[in-house]
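Asks: Here is the input, now give the coordinates:
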Amino acid sequence: MFNTERWQEIFEAIAKNKLRTFLTGISVASGIFILVILLGVGKGLQNGIEKKFENDASGLISFWSGTTTKEYKGLNPGRQIQFRNSDYDVALQKYGDQLVIKSANYIFWSGIMSHGKESGNYRFIGVNPDYLAVENASIVEGRFINQNDLNNSEKVTVIGQKVKLDMFKDKSPIGELLVINGINFKIVGVFTDPAGEREETRVYIPITTTQQAYGVGDKISNLDFTLPKKDTYEEALAESEKFTEGLGQLLRSKNSIAPDDEGAIGVGNTVEDAKQFYDLNLYIRLFFWWVGICTIIAGVVGVSNIMLIIVKERTKEIGIRKALGASPFSIVVMILHESIFITTISGFVGLLSSLLLLEIVGPMVKSDYFLNPEVDFSVAMSTLILLVLAGAIAGFFPAYRAASIKPIVALRDE
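Replies: Down below sits the predicted model:
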């Protein structure tokens with residue numbers, strides 16, 4: 001029940017000790033402020049990591065050739081391994097029915113391209129039809145490379161949005177010719193990539209056309225695969241590790257590489273990479289929780305100390321109240337009201353200040369691994385409720401001490 005007199009007493013006590021109350025409130029507000037900011041930073045790191053891994057196909061596993069580091073079957077270390085069509089074929093023969101996405105590619109890191117008076121230098125890649133899914137890209141005009149293009153080694157190309165803007169401005173490029181390193185290709189599609197402009201400076205052509213038109217024979221740069229989704233992360237990780245180990249050994253055997261020569265064939269497993277990043281992010285967030293909670297505890301301890309001082313100052317007043325018939329419960333409630341009031345107001349100020357700061361500053365922070373720092377409102381409110389409960393606990397012990405004072409002892413206090 002609302003008691004006007006009790007609230008008047010609280011405001012009078014606060015007014016008499018403005019500086020002390022202000023400093024106590026600052027310690028509590030700073031605790032929840034720091035905790036919410038740290039939680040927002042942790043969420044920003046998580047969002048950035050998730051966005052980074054969205055740029056490519058989920059669970060992407062890539063293989064690329066390297067240089068041998070060990071002698072094997074009379075062959076010296078230092079051999080440069082080159083993947084070929086046959087490596088891709090044996091991978092499909094062994095694991096084809098287990099794969100969702102499968103693609104080989106051959107990369108030209110730089111190529112001169114022109115259309116009319118416009119020209120530029122862009123990366124172009126010979127790919128399979130599944131490569132669009134590998135990059136998690138999407139078609140905005142026309143179509144992507146298809147199986148018929150591969151079978152007939154068609155001179156067709158799909159260009160990125162950035163290439164389109166550079167070469168064609170606002171005009172649709174579909175059906176136009178693009179000269180790539182001196183060879184005419186018909187543009188059949190335009191793609192956009194979630195990774196942004198850098199990825200959209202690429203140009204894709206059928207891998208069979210790449211191998212024939214540019215004299216690279218049956219060479220391949222990378223092999224890219226994804227496996228079916230699993231019900232749990234642990235199952236997906238175990239399945240991907242089993243696949244990378246099995247195909248890695250198959251490719252080493254085919255290319256006369258020592259079974260334990262890890263340097264000759266590189267493997268990129270986004271499932272494993274994601275686990276490392278998420279584990280790191282978890283540890284960071286736990287550390288942030290620990291720092292924030294310790295800061296809040298320091299503020300709550302400050303509240304408890306202030307309540308002890310208040311009880312000491314009001315000992316004689318408490319004795320008079322008890323002598324006039326005040327119950328121990330009413331004494332406890334009187335002290336708790338002030339403790340909870342200070343904690344709640346300070347908590348709200350700290351919470352609102354931190355949320356406002358995240359809202360204003362968060363969008364200004366630009367980083368590959370940091371995006372949209374935010375705090376779930378339910379988490380923020382739960383934190384505030386816990387803070388209020390902690391304030392109540394902090395005030396209870398001084399209140400209990402006050403309620404335990406005998407009236408005769410309190411009245412003798414100076």
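
Asks: Can you classify Val90 by secondary structure?
Replies: Val90 falls in the helix class when you classify it by DSSP: H, G, I helix; E, B strand; the rest coil.

Asks: Now do it: how many residues are near it, please.
Replies: 15 (other CB atoms under 10 Å). Backbone N, C-alpha and C define where each C-beta goes, glycine included.

Asks: List the residues that contact it.
Replies: Counting by CB atoms under 8 Å, 6 or more residues apart in numbering, Val90 makes contact with 250-251, 254.

Asks: and these, which are buried?
Replies: 250-251 (16 or more other CB atoms under 10 Å).

Asks: Restricted to helices, list the contacts of Val90.
Replies: The members of the contacts of Val90 that map onto helices under DSSP state H are 250-251, 254.

Asks: part of a helix, is Lys162?
Replies: Yes. Counting by three-state DSSP, Lys162 is located in a helix.

Asks: how about Ile107, phi and psi?
Replies: As for Ile107, its main-chain torsions (degrees, to the nearest 10) stand at phi -110, psi 130.

Asks: Which residue lies nearest to it in three dimensions, sequence-adjacent residues excluded?
Replies: Ser221 (4.5 Å; CB to CB, 6 or more residues apart in numbering).

Asks: Just the pLDDT at the one you found, thanks.
Replies: Model confidence at Ser221, given as pLDDT, is 94.

Asks: For burial, what's the neighbour tally of it?
Replies: 19.

Asks: ok, now Gly78?
Replies: That count, for Gly78 with other CB under 10 Å as the rule, works out to 10.

Asks: Same question for Gln8.
Replies: Count around Gln8 with other CB under 10 Å applied: 10.

Asks: Could you measure from it over to Ser327?
Replies: Counting by CB to CB, to the nearest Å, the gap from Gln8 to Ser327 is 20 Å.

Asks: what about Lys171, neighbour count?
Replies: Lys171 has 9 nearby residues by other CB under 10 Å.

Asks: Could you tell me how far it is located from Leu165?
Replies: In terms of CB to CB, Lys171 sits 10 Å off from Leu165.

Asks: Now the spatially most central residue of the chain: which helix or strand?
Replies: For the chain, the residue nearest the mean C-alpha position is Gln46 (2.3 Å; CA atoms, centre = their mean). Secondary-structure assignment from DSSP states H and E places Gln46 in helix 18-54.

Asks: Now that helix: buried residues?
Replies: Buried-residue list, helix 18-54, by 16+ other CB under 10 Å: 21, 24-49, 51-53.

Asks: ok, now stretch 224-243?
Replies: 224-227, 236-237, 239-240, 243.

Asks: distance between the ends of that stretch?
Replies: 12 Å (CA to CA, to the nearest Å).

Asks: Return the distance of that stretch from the chain's centre.
Replies: 20 Å (CA atoms, centre = their mean, to the nearest Å).

Asks: So for it, mean pLDDT?
Replies: On average, stretch 224-243 scores 81.

Asks: Name the residues that touch it?
Replies: Under CB under 8 Å, 6+ apart, the answer for stretch 224-243 is 57-63, 91, 95, 98-105, 130-131, 133-134, 247, 269, 271-272, 275.

Asks: So how do I select the buried members of these in PyMOL?
Replies: If you want just the buried ones from the contacts of stretch 224-243 in PyMOL, going by 16+ other CB under 10 Å, the selection is:
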select buried, resi 57+58+59+60+61+62+63+91+95+99+101+102+103+104+105+130+131+133+134+247+269+271
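
Asks: And the contacts of Val90, which is closest to Tyr283?
Replies: Leu251 (34.6 Å; CB to CB).

Asks: my guess is the closest one contacts Ile265, does it?
Replies: Yes. The pair Leu251 / Ile265 is scored as a contact, 5.6 Å apart, by CB atoms under 8 Å.

Asks: tell me, what's touching those two both at once?
Replies: In contact with both Leu251 and Ile265: 63, 257, using CB under 8 Å, 6+ apart.

Asks: coming back round to it: so which elements touch the helix holding Gln46?
Replies: Contact here means 3 or more CB pairs under 8 Å, 6 or more residues apart in numbering; DSSP states H and E; on that basis helix 18-54 packs against helix 270-313, helix 328-361, helix 377-404.

Asks: any chance of these in JSON lines, with mean pLDDT and distance to Gln211 too?
Replies: Below are the helices and strands packed on helix 18-54 laid out as JSON lines (pLDDT from 0 to 100; distance: least, CB to CB, whole Å):
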{"stretch": "helix 270-313", "mean pLDDT": "71", "distance to Gln211": "27"}
{"stretch": "helix 328-361", "mean pLDDT": "78", "distance to Gln211": "51"}
{"stretch": "helix 377-404", "mean pLDDT": "73", "distance to Gln211": "54"}
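
Asks: Nearest to Gly126 among the ones you listed would be which one?
Replies: helix 270-313 (22.5 Å).
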